[in-house]
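J.: how would this look folded up:
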Amino acid sequence: MKSSSLLNSLFDDQERRPSTVSEVNSLVKRTLEKAFASVWIEAEIVNFVAAASGHWYFTLHDGYTQLKAACYRGSNWKIKFQPFDGLQVRVRGKLSVYEPKGEYQMLVESLEPIGEGALKVAFEQIKLKLAKERLFDEELKRPLPVLPKRVGVVTSPNGAAFHDILHVLSRRTRTVSIVLIPTRVQGESAGEEIRQAILNANEFNRNAPESDRIDVLIVGRGGGSSEDLWAFNEERLARTIRASEIPIISAVGHEIDFTIADFVADRRAPTPSAAAEIVAESEDQIEAFIRQRTQDLFQLIDYKLLQSRADLQELALAPVFVEFPQKIKDLHYEVEDLQSRIEDAFAGKLKDAGKRLEKVISQLSPLRLASKVSGGKTRLALLHQRQISAVKKALDAKDERLKIEMASLDALSPLSVLRRGFAIAETESGEILRASENVKINDTVKIRLAEGKIEAKVLKTEK
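T.: Residues are numbered from 1 along each chain as shown. Coordinates of the predicted model:
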């Protein structure tokens, strides 16, 4: 091979064509990258520089020796925090050579802090950055649905967290269905997988019918070390949780464990089981409320029955029930007495009415009635004649007055004036002409006569 022959030529005693520096550096780079394609190193970061280009440059130091390192922009976006001097880290990458200077360096592909102290510093760094952007503000948090029908669970299908959630929801509610969105919750790419699972759930909701949509997401896992839980501290995951259209409950680790996901989620649950209880809380509370109100109602009914029985016994022993029969008898006697009086009064009235009827009958004899009818006819005929005379007199007066009014109206009518030879001149627009200066030569005027109208053109005007 060409590279082997070139390498051998460096140590060959016989004189050959010398290699250029570029050839040597290129050969060393290929050989080094092939031999050290994947290297894990634990060391301390010194001389950290974040270039304007987005690349990171720093030195890995173990107290005795050092190794230059570079983490290019295409790789550092996946790193959960920004490194700083003095931080103990575990880095993964490959060894390579920067050919222009002939310096070998490590090209870093992933970087993680080592130890609780380093993790805490990185955690506070991310927390402070997101807090400044107000991603933790309470007004951004969405309310959880009161009675969710479908709950999405973003966690490992093999972990205890999912089984705890499933157990609690199965025991405490009968209306909730569970959708498992499986993902890794630990390891280098776990944070990105969790993030993608949340994005997939939101995409599903946008395309699914309303009856099939996920109402709330539980994102979490069981307990573990700070390193085990670190995936839930990633900045990109936090931003995805905040941007989710589905309300999210963060349930990571135990009650004492806090992650960035807890701060940015709409609700934090101390454990996965507690998250399931939050989901089932409303249904449980409604059932408890109904049971309590049912019990209160039965107690109230029992109390009312006892109170009614006591009132009935008290009334049964009251004096009014002893006096009531005697009062009934007294009222019966009074009614009989009143009935007798009414019968006597009615008989007297009937007797008087009979006497008046006999008197009226005697007055209504045939001769007397005929005389009264004849007199009534005479008076009626006289009144009818007087009425006819009065009406005729009134009509004659009205007719005479109408003739006078008609003569007055005829005298005042413009038509009467026209019949005497006068005329009315108007402009084309219908205005009455009262002066010659209101028209011009060749204007058209309308002239109304006693019978008909004519149109004329103005040939001459005189004042």
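J.: next one: the strand or helix carrying Thr31 to chain centre, how far?
T.: Using DSSP states H and E, Thr31 sits in helix 21-35. In terms of C-alpha atoms, centre = their mean, to the nearest Å, the gap separating the centre of helix 21-35 from the centre of its chain is 64 Å.
J.: quick check: next helix or strand after it?
T.: strand 39-50.
J.: that next one - contacts with which helices or strands?
T.: In this structure, strand 39-50 makes packing contacts with strand 56-61, strand 66-71, strand 88-98, judged by 3 or more C-beta pairs under 8 Å, 6 or more residues apart in numbering; DSSP states H and E. In short, each C-beta sits where N, CA and C put it, glycine included.
J.: can you give me the neighbour number for Thr240?
T.: When neighbours are defined as other C-beta atoms under 10 Å, Thr240 has 23 of them.
J.: which SS class is it?
T.: helix (DSSP: H, G, I helix; E, B strand; the rest coil).
J.: on that earlier part again, need the helices and strands packed on strand 39-50 in CSV (columns: mean pLDDT).
T.: Below are the helices and strands packed on strand 39-50 laid out as CSV (pLDDT from 0 to 100):
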stretch, mean pLDDT
strand 56-61, 93
strand 66-71, 92
strand 88-98, 89
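J.: adding mean neighbour count and distance to Ile45, write these out as a markdown table.
T.: Converted to a markdown table, those look like this (neighbours: other C-beta atoms under 10 Å; distance: least, C-beta to C-beta, whole Å):
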| stretch | mean neighbour count | distance to Ile45 |
| --- | --- | --- |
| strand 56-61 | 20 | 5 |
| strand 66-71 | 19 | 8 |
| strand 88-98 | 18 | 6 |
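J.: turn these into JSON lines, columns for distance to Leu382.
T.: Compiled in JSON lines, the helices and strands packed on strand 39-50 are given as follows (distance: least, C-beta to C-beta, whole Å):
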{"stretch": "strand 56-61", "distance to Leu382": "136"}
{"stretch": "strand 66-71", "distance to Leu382": "137"}
{"stretch": "strand 88-98", "distance to Leu382": "139"}
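J.: ranges for the helices of the stretch 251-400 of the chain?
T.: Ranges of helices within the stretch 251-400 of the chain are 260-264, 272-316, 320-363, 366-412, based on DSSP state H, counting those that start in this stretch.
J.: name the residues that touch the first one?
T.: Put plainly, it is helix 260-264. Under the criterion C-beta atoms under 8 Å, 6 or more residues apart in numbering, residues 123, 126-127, 130-131, 135-136, 219-220, 232-235, 237-239, 241-242, 250, 252, 268 lie in contact with helix 260-264.
J.: low-scoring pLDDT stretches of the protein, where are they?
T.: Scanning the chain for pLDDT under 70 picks out 1-16, 80, 115-118, 282-289, 316-324, 363-369, 411-413, 415-418.
J.: list the buried residues for the helix holding Thr31?
T.: In terms of neighbour count (16 or more other C-beta atoms under 10 Å), helix 21-35 has its buried residues at Val24, Asn25, Ser26, Leu27, Val28, Lys29, Leu32.
J.: of these, closest to Gly74?
T.: Relative to Gly74, the closest of the buried residues of helix 21-35 is Lys29; by C-beta to C-beta it sits at 18.9 Å.
J.: which residues does the closest residue to that closest one other than its chain neighbours bridge with?
T.: Of all residues not flanking Lys29 in the chain, Val97 sits nearest, at 3.8 Å (C-beta to C-beta, 6 or more residues apart in numbering). Val97 has these beta-bridge partners by DSSP bridges: Tyr104.
J.: equivalent analysis for His61, please.
T.: Going by DSSP bridges, His61 forms beta bridges with Glu44, Gln66.
J.: got it, and Trp40?
T.: Going by DSSP bridges, Trp40 forms beta bridges with Arg92.
J.: okay, now it: neighbour count?
T.: Neighbours of Trp40 (other C-beta under 10 Å): 9.
J.: which residues does it contact?
T.: Arg90, Val91, Arg92 are the contacts of Trp40 under C-beta under 8 Å, 6+ apart.
J.: try Ala161
T.: Ala161 touches Thr155, Val185, Gly220, Arg221, Gly222, Ala251, Pro272, counting by C-beta under 8 Å, 6+ apart.
J.: hang on, the third one in a strand?
T.: I take that to be Gly220. Yes: counting by three-state DSSP, Gly220 is located in a strand.
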